[in-house]
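Visitor: Build the 3D model from these lines:
(2 chains)
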Amino acid sequence: MTGDAGLAEQRIFDLDEGELERRLSETWETPRGIWGALTTVDHKIIGRRYIITAFVFLILGGLLALAMRLQLAQPEARFIGPDRYNQIFTMHGSTMMFLFAVPVMEAMGVYLVPLMVGTRNIAFPRLNAFSYWIFLAGGLLLWIAFALDTAPDVGWFAYVPLSGPQFGAGKRADIWAQMITFTELSALAVAVEIVVTVFKQRAPGMSLDRIPLFVWAMLVTSFLIIMAMPAIMFASSSLILDRLVGTHFFNPAEGGDVLLWQHLFWFFGHPEVYIIFLPAVGMVSSIVSTFARRPLFGYLPLVMALISTAVLAFGLWVHHMFVVGLPQVGESFFTASSMTIAIPAGVQIFCWLATLWDGRPQFKTPFLFVIGFIVTFVIGGLTGVMVASVPFDTQVHDTYFVVAHFHYVLIGGAVFPLLGAIYYWFPKMTGHMMSETLGRFAFALIFIGFNMTFFPMHILGLEGMPRRIYTYQPEMPWAGMNLFVSASALVLASGFFIFFVDVLRSARSGAPAGANPWGASTLEWATSSPPACFNFARIPVVAARDPLWSEPDELTVATGLRTDRRELIVSSLVEAQAEARESSPRNSIWPLLSAIATTIMLIWSIFSPWAVVWGSIPIAIALIGWFWPKQVPEDES
Amino acid sequence: MQSVLNAQAEPALHLKYLIVGTVVLCAIIWIMVMIVLAWSLLRAYRSPGEAAPETERRMGRVVLSAAAATVFVITGLTIASFYATGSLGRPESAPVTIKVRAQQWWWQFIYDEPDPAKAFQTANELHIPVGTDIRLELEAADVIHSFWVPSLTGKRDLIPGRRNVLILRADRPGIYRGQCAEFCGLQHSHMALFVIAEDNASFDRWAADQRSEARTPSDGEAVAGKAVFMAKPCAACHSIRGTEASGTTGPDLTHIASRQTIAAGLLDNTRGALAAWIADPQTLKPGNNMPMVPLSSNELRQITAYMDSLR
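Guide: Numbers count the residues shown, from 1 in each chain, chains lettered A, B, ... in the order given. Reported below is the predicted structural model:
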């Protein structure tokens, strides 16, 4: 390693652009073919794979939703019996939360953060590969179990004692708990990678107050993951222990506590909502700024809102438990703290509106999704204020009102921005534009279909329809509206269908994009579309918050990285001054082998506690392979 | 009937006011945000160029006022919420106490008395005197359930290992439907209950009837049905006071014919429905804990006649 002086040497000064790129390609390239696919540590390849996998789970989860709507379209329908229905709604929730929403947001971070901060790869690239494989294994475990009719059937929240050994017979709840462990591992790994990438690998000059808001959002989200995950890790491990070796964490007959589960679950589960929502906020900020053609209004308030949302997220989990009979003082505190979170949310909305007010908006598809986001998310936020009130909640808790509320927050607040983000960054990822016509169609169908599907659920909830029922009697006044909702779900689904058609079509034959098709301001648009394996031939030096707008002609570049081995710049935390050159790992099969070994242990341990003992041996071997010291070419300086 | 908006008692009415008021206020806020959004999107395009520092400052002031307004509204809603919580009934003042034990997937209501001979229990139908605060002691026999009769008051969970209290009152006589609100397994969908509010005289008459032991049937078919009931596994799960049947896993059937529905609100309590239920409970309510007991059609008719005699 060398310091600043090393960078000033400008080792590649004498190379022309073509020669430089050829040499960098040789060093950074992922080999073609299956071996390359299994060993790659390129954050772009892994990120893209991660995003695609998460969207496949979105399709699967969406099909389950349609199956539920089919069953609920009429009273006393007999398409799906209670056993299968309970599996289906559990799978829908678990898939959407653990296999789609959180992973897809992290995957967007894996792909975009290194590009947006101007570095050549994510920190800990092998861990990144490992985290994808382990996520894939967890998802497959759950879905294979579903195919075998042994999927969990106790809800994505898996409340004890229903999920405990006395009532949850078979291996269903164990499979759920282990799937959680897989996603915990994966999510934690990615969170650590993103924190380190943002803190230590930013391009020279990208001080903390010049970080793009999406990167801020991913950073804050990563801290949320790191702090929230231990609660669910403890919870799912305790559940497995209760079920497998007969401990009594949650068994009141033996001194355990049923509510302990809920506290642990929601201490994780509420921040989880913001783990999904905050990256979406970052996407909205990127899109708003680009399409309003104006720097964001209120950069500092927006960052403060992200941070305060994250802090508050840990102080309001009890609002999921307002009807379990907690002391009133506690309930009052959590009412107040839950309502407080509306303040940073409001500040964000106001800042975006101000940006639009002063901008000259271009109504391209990504921007349409952002408008759809504001319209629907404000409704979700306001109903969130409603359910934060204890007396209000005692009437609507566990009814379709809540189903409506959180779909407004999760689809309106996170999926709309995500779809906008896909339209926005698709050209960067593939080099092709998506269709503007199909995009408008997809947006219209999704936006209208979504509101027709979920708005009536507010009313159904007030009319007394509980959640998680597989059928209802004809005497209940819900049939007409349920039929309407089910029909509307088809409109929503057709919008998604068009979206996926557009993705597949555009990936092959969309119009060529060019480096910066939207005229955006952040660093990822400074490199070619799709980016070369080394991201940037020369690392840009950042001198402003919107570098591509303030220096439209040519970015200043840092030089001095070697081309014959994988090197990137390590920069200081606050000012992002270049501090050192660091080598980045090469491709390796060991992350995959470690993931396979971990998978074997985790699945085996559903059946025998001894798996933890014997199963750790292959993991140890794989880790030794992973970390085996390798000869690194010496630095000649 | 089972609706938050169909409030039939004071607590539910307070909740309804809170809910309607909050919804209206939030709708107004949403419309205001939408107007600003539409306005900023439709605003005549100005010439591009540097953002004027003057505009920037003005927007700053507007955003700040909007944030202040948010704080103001949030504070107001929080206070309204605390106020509404205070109106939900005071446990210490309730003169009547009834124990509610929720089970997979039915409701057990235990009317305890200091004199155990006067205590009785019933299933899925909670009779209460009108205009009186009732103290419900909520317990769960197996998993978490939630007691919810929206026309009367908000819900409250029943949790294994804990005892929750809910104050219930009905201001008008009537039948109010409720339903388990916390997911409790296979037949969560079919776990309804009815609160039957009557004037004091009818309630006392009903309670006196319930306290009495089961009538001995006089009709020949019913007599035969009683014998079948005692000989088959029925008696292992169900109690009929005044007979040797003393099972505790299923609902007490001492006065089953006085109930309006069976199977936790699934079916009207008619002889035909009873026969269908006894003949094949697993098709009507898959997964429930009542096994299918093989009976000849004769035995089935006799048992139904016996059940029908238990008024």
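Visitor: Just checking the longest helix belonging to chain A against chain B, any contact.
Guide: Scanning chain A for the helix with the most residues, using DSSP state H, yields helix A:258-292. Yes. For helix A:258-292 and chain B, the contact criterion (CB under 8 Å from any CB of the partner chain) is met by A:258, A:259. Where C-beta positions appear, they are placed from N, C-alpha and C, glycine not excepted.
Visitor: just the angle between whichever helix or strand comes after that helix and helix A:258-292, please?
Guide: Note on helix A:258-292: by DSSP states H and E, the next helix or strand toward the C-terminus is helix A:299-313. Here the directions of helix A:299-313 and helix A:258-292 differ by 170 degrees (axes from the mean of the first three to the mean of the last three CA atoms, to 10 degrees).
Visitor: do the helix or strand of chain B with the lowest mean pLDDT and chain A meet?
Guide: When each helix and strand of chain B is scored by mean pLDDT, DSSP states H and E, helix B:53-86 comes last, with a mean of 90. Yes. Judged by CB under 8 Å from any CB, helix B:53-86 comes into contact with chain A at B:55-56, B:59-60, B:62-63, B:66-67, B:70-71, B:74, B:77-78, B:80-82, B:84-85.
Visitor: Check which helices and strands the longest helix of chain A sits against.
Guide: Helix A:258-292 sits against helix A:102-117, helix A:213-244, helix A:299-313, helix A:342-358, helix A:365-387, helix A:416-430, with contacts defined as 3 or more CB pairs under 8 Å, 6 or more residues apart in numbering or on different chains; DSSP states H and E.
Visitor: Put the buried members of the residues of helix B:53-86 next to chain A into a ChimeraX selection.
Guide: A single ChimeraX command is used to select the members of these judged buried by 16 or more other CB atoms under 10 Å in any protein chain shown:
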select /B:59,63,66,67,70,74,77,78,80,81,82,84,85
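Visitor: tell me, how many neighbours does residue B:149 end up with?
Guide: Burial of residue B:149 is recorded as 24 neighbouring residues (other CB atoms under 10 Å in any protein chain shown).
Visitor: May I have the predicted confidence score for the residue lying closest to it once chain neighbours are set aside?
Guide: Distance criterion CB to CB, 6 or more residues apart in numbering or on different chains; nearest residue to residue B:149, sequence neighbours excluded, is residue B:178 at 3.3 Å. pLDDT, residue B:178: 96.
Visitor: So what sits opposite residue B:178 in the bridge?
Guide: Beta-bridge pairing of residue B:178 under DSSP bridges involves residue B:193.
Visitor: Quick check on residue B:135: phi, psi?
Guide: Phi and psi for residue B:135, reported as degrees, to the nearest 10, are phi -90, psi 110.
Visitor: of all the residues in the stretch 201-311 of chain B, which ones are close to chain A?
Guide: Checking the stretch 201-311 of chain B against chain A by CB under 8 Å from any CB, the hits are B:265, B:266, B:286, B:287.
Visitor: quick one, which of the helices and strands packed on helix A:258-292 is packed in tightest?
Guide: Mean neighbour count (mean count of other CB atoms under 10 Å in any protein chain shown) peaks for helix A:102-117 among the helices and strands packed on helix A:258-292, with a mean of 27.
Visitor: how far out from the middle of the chain is that helix?
Guide: 8 Å (CA atoms, centre = their mean, to the nearest Å).
Visitor: Put the alpha carbons of it into PDB.
Guide: Presented in PDB, the C-alpha positions along helix A:102-117 are these (Å, rounded to 0.1, in the frame of the first residue of the first chain):
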ATOM      1  CA  VAL A 102     -35.500  -6.800   1.200                       C
ATOM      2  CA  PRO A 103     -33.200  -8.700  -1.200                       C
ATOM      3  CA  VAL A 104     -34.200  -6.700  -4.200                       C
ATOM      4  CA  MET A 105     -33.400  -3.400  -2.400                       C
ATOM      5  CA  GLU A 106     -30.100  -4.800  -1.300                       C
ATOM      6  CA  ALA A 107     -29.500  -6.100  -4.800                       C
ATOM      7  CA  MET A 108     -30.000  -2.700  -6.200                       C
ATOM      8  CA  GLY A 109     -27.500  -1.500  -3.700                       C
ATOM      9  CA  VAL A 110     -25.000  -4.200  -4.700                       C
ATOM     10  CA  TYR A 111     -25.300  -3.200  -8.300                       C
ATOM     11  CA  LEU A 112     -25.500   0.600  -8.000                       C
ATOM     12  CA  VAL A 113     -23.600   1.700  -4.900                       C
ATOM     13  CA  PRO A 114     -20.100   0.900  -6.200                       C
ATOM     14  CA  LEU A 115     -20.900   2.700  -9.500                       C
ATOM     15  CA  MET A 116     -22.400   5.700  -7.700                       C
ATOM     16  CA  VAL A 117     -19.500   6.100  -5.400                       C
END
